[in-house]
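**Student:** Predicted model, plus sequence, below.
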Amino acid sequence: MNSRFQRILVTAALPYANGLLHLGHLAGAYLPADIYVRYHRARKRDVLFVCGSDEHGVAITVTAEKEQTTPQAVVDRYHALNKNAFEKFGMSFDNYSRTSLPLHHQTTREFFTAFHKQGVLREREEQQLYCEKDALFLADRYVEGTCPNCKYDQARGDQCENCGSWLNQTELIHPKCKICGATPVVRQTTHWYFPLGEFQQRLQAYIEQRSKRDGWKENVLRYCESWFKEGLQDRAVTRDLSWGVPVPVAGYESKVIYVWFDAVLGYISSAKEWAARSDDPDRWKKYWLSEETKYVAFIGKDNVVFHCIVFPAFLMAWNDGAEEQYVLPENVPANEFLNFESQKFSKSRGWGIDLQDFLKFFPADPLRYTLAINLPESRDSDFYLRDFQARTNNELADILGNFVNRTLTFVEKNFGRKVPHLGELTEMDKEMIARLDEVPRKVSELYEQYRFRDGVIETMNLARLANKYFNDSEPWKTSTSNPIQCATSLHICLQIVRSLAILFEPIVPTIAQRIWTTLNLSSSPHTAGWESAADLELPEGHSFNKPEILVTKIEDSHIEEMVKSLSGNTPPARPALSPEIKPTITLDDFKKIDLRVARVLKAERVPRSDKLLRLEVEIGSEKRQVVAGIANHYAPETLVGSLIVVVANLQPAKLMGQESQGMLLAASDNTGRLAIVTVASELESGGTVK
RNA sequence: CGCGGGGUGGAGCAAUUGGAAGCUCGUCGGGCUCAUAACCCGAAGGUUGCAGGUUCAAGUCCUGCCCCCGCUACCA
């Protein structure tokens, strides 16, 4: 660590208390943060590690509405579940707070009021849709209606998914409240804005400087650049909601501060709460209000804009107008996303595994190890259950666990559970000791650069090397032929076991502690200090406890059991074809649909569209234009001349500005394949289908 | 041409500023037997998506093309 800093402040993104944590969250932010913190604690550095639940926002009120309960009840539940899951996972937060606490409301009001007084915030009047039934102003994603451009009837308040155009929610034709389906009304409202645009230059300079100083990750810089390139826009900091921090300005009592404003301030509140518990309630200031603090914010990629741009801008704005100077993030090592079995985690599709479910079946450490070695540090990565099993069995159990076990049991049998004498060193011994000396430093360097995956690999490589050393030393032979050399080899192996406990502690703390305890050493590996992993500190004659199996292997059946219990989670790519048939209709119903055979005369792609083809078809004597979303499956030229089936009496629709007079029939399955419906032999176009 | 990411041995991934294509798993063969049938050694397997270009030298830089993914809902 750079000598400019006296202490380290680490935050991990506040998880939203509207759902359960899953493995992707851990890989994105929490595990790297925890490894980083545990490593620094072992280095005896002054570290404060805070987090907490993000408990405001409209999504939570919607959940409460659905469940016929209060927002507070929703966040109480998820806060407790997530906090508990974090503990089981081994997260070593100094404090895990929550943003619904009065303390946090106070912090948020303090910032808002300061900005307001300084004249930083701007007031703006705007028109917004209001649902009278729900008594709620509708955020963009809670309203849908017909797109004024393409007439697509499920356009959202901010953008039409069909034609891609950006909308103002008041432009929607026939808007509907997505919560209750009622038609909202337009109401005038006033909001405060934070002028992010005015901070752009300073933010760019800030990022450049810190990046130079601490080596920001490339992916993070890329995200920032694209935001800067577009130009930063002012952002509303208030909302018309009842759930959140009330706006502390006269006349605004019915509004709350927008959740993204208060969420990042939760880090400060969490530190305050931590300090308030001690005899020095001001000691949070030592971390937050000092240039001697190295502040590192761990997040996932979707949060880059808030932590690299919005939050620093807030702190700058505060620092401009106050004596107290907050420290800005020195680095924001955001990870990409982790997929589960090559598909994106998705709550709505029920894809992925919640942390708490996972921990019902397997202990935290194998999960920590597998995630650590698969961290999406430079791009999206995958978590595969068979990989989890293989990593646990072949690496944690076989390489690390078995090395510890073979060493301890060998010493137990030959030297009575006491550290044997270190005699004269062979070349091989010297080489091993030299390598041991290098590893802690090497891993340090990687961790300091936020390269956790490489650090973990390097750590496991020490165990690999130790196995080789054991093999090459052949103590089972020297135990009779050269007992002194045998003792020396095992002395060194025991020292390595001790070192492994220290080096593995950030990654698999429970396993590390078990090694430590078995070695009959006091306290914990980190109290010995990271650097001491390079040394031979186990005293000769020191007696240790009876060795036990360190890592239990995972059987196939165990994995299957978990998969079975998650039966609701079928992969979206290969769900069973739904046997659900729509309600019965009469023949008359069917006869309303005029299906006709048509011949394709001309086919071409619709400009600027990925999926659409424009077809000119002949239906008997009539010519029509039909637009079909099959461009991903058919090249236009292969369709010309072929016979297709169209719905001839469908109300015309406009797609990407092209009118479609009818609908082409095509069949698809759940693997994403698609085939157009055609007729089995040559017919005249215009023929009816029945 | 909407924006961005990515295509590297069977699988998952590495490869600072261009400088001998590596790692883990799997496969095959061998060694060892202290240990959780574990550990160690060796081998096979790649024209780094395709086609050009720059260079003494290209996985890496440039141009064109092909394919996959995210940018849309809860969601790191």
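**Tutor:** Ah, there it is.
**Student:** List the neighbours of stretch A:14-21 that are in contact with it.
**Tutor:** Defining contact as CB atoms under 8 Å, 6 or more residues apart in numbering, one finds that stretch A:14-21 is touched by A:25, A:30, A:51-55, A:57, A:59-60, A:63, A:74-75, A:78-79, A:81-82, A:85-86, A:98-99, A:263, A:266-267, A:347, A:354-356. In this view, the C-beta of every residue, glycine as well, is placed from N, C-alpha and C.
**Student:** Buried ones among the residues you listed?
**Tutor:** A:25, A:30, A:51-55, A:57, A:59-60, A:63, A:74-75, A:78-79, A:81-82, A:85-86, A:98-99, A:263, A:266-267, A:354-356 (16 or more other CB atoms under 10 Å).
**Student:** Mind checking which of the residues you listed land in helices?
**Tutor:** A:25, A:59-60, A:63, A:74-75, A:78-79, A:81-82, A:85-86, A:263, A:266-267, A:355-356 (DSSP state H).
**Student:** out of those residues, who's near RNA strand B?
**Tutor:** Of the residues in those, proximity to RNA strand B by CB under 7 Å from any atom of the strand holds for A:25, A:59.
**Student:** Let me see the contact set for whatever residue of the stretch 201-350 of chain A ends up closest to RNA strand B.
**Tutor:** Relative to RNA strand B, the nearest point of the stretch 201-350 of chain A is residue A:300 (1.0 Å; CB to the nearest atom of the strand). If a contact means CB under 8 Å, 6+ apart, then residue A:300 has A:13, A:24-25, A:28-29, A:334-337 as its contacts.
**Student:** interface residues of the stretch 301-450 of chain A facing RNA strand B?
**Tutor:** By CB under 7 Å from any atom of the strand, the residues of the stretch 301-450 of chain A that approach RNA strand B are A:301-303, A:334-335, A:337-339, A:344-349, A:352, A:374, A:376-382, A:384, A:387, A:390, A:394-395, A:397-399, A:401-402, A:404-406, A:409-410, A:413.
**Student:** Now list the buried members of those.
**Tutor:** Buried, going by 16+ other CB under 10 Å: A:301, A:303, A:334-335, A:337-339, A:345, A:352, A:374, A:376-377, A:381, A:395, A:397, A:399, A:401-402, A:404-406, A:410, out of those.
**Student:** In helices only, show me those.
**Tutor:** Counting by DSSP H, these place A:402, A:404-406, A:410 in helices.
**Student:** Nearest to residue A:543, out of the residues you listed: which one, please.
**Tutor:** Closest approach between those and residue A:543, by CB to CB: residue A:410, at 15.3 Å.
**Student:** How about the contacts made by the closest one?
**Tutor:** A:475-476, A:490, A:493.
**Student:** May I see the buried residues of the helix or strand where residue A:314 lies?
**Tutor:** Assigned by DSSP states H and E, residue A:314 belongs to helix A:311-321. In terms of neighbour count (16+ other CB under 10 Å), helix A:311-321 has its buried residues at A:311-315, A:317-318.
**Student:** Repeat that for stretch A:192-212.
**Tutor:** So for stretch A:192-212, counting by 16+ other CB under 10 Å, buried means A:192-196, A:199, A:203, A:206-207, A:210-211.
**Student:** tell me the pLDDT at the residue of the stretch 201-350 of chain A closest to RNA strand B?
**Tutor:** Listed pLDDT for residue A:300 reads 91.
**Student:** Could you do residue A:658 as well?
**Tutor:** 56.
**Student:** and the buried residues of helix A:311-321 as JSON lines, adding distance to residue A:177 and pLDDT?
**Tutor:** Shown next, in JSON lines, are these (distance: CB to CB, whole Å; pLDDT from 0 to 100):
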{"residue": "A:311", "distance to residue A:177": "32", "pLDDT": "95"}
{"residue": "A:312", "distance to residue A:177": "36", "pLDDT": "96"}
{"residue": "A:313", "distance to residue A:177": "33", "pLDDT": "95"}
{"residue": "A:314", "distance to residue A:177": "32", "pLDDT": "95"}
{"residue": "A:315", "distance to residue A:177": "37", "pLDDT": "97"}
{"residue": "A:317", "distance to residue A:177": "35", "pLDDT": "97"}
{"residue": "A:318", "distance to residue A:177": "37", "pLDDT": "97"}
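**Student:** From residue A:645, how far off is the residue lying farthest from the centre of chain A?
**Tutor:** Ranked by distance from the centre of chain A (CA atoms, centre = their mean), the top residue is residue A:621, with 57.7 Å. Distance of residue A:621 to residue A:645, computed by CB to CB, to the nearest Å: 18 Å.
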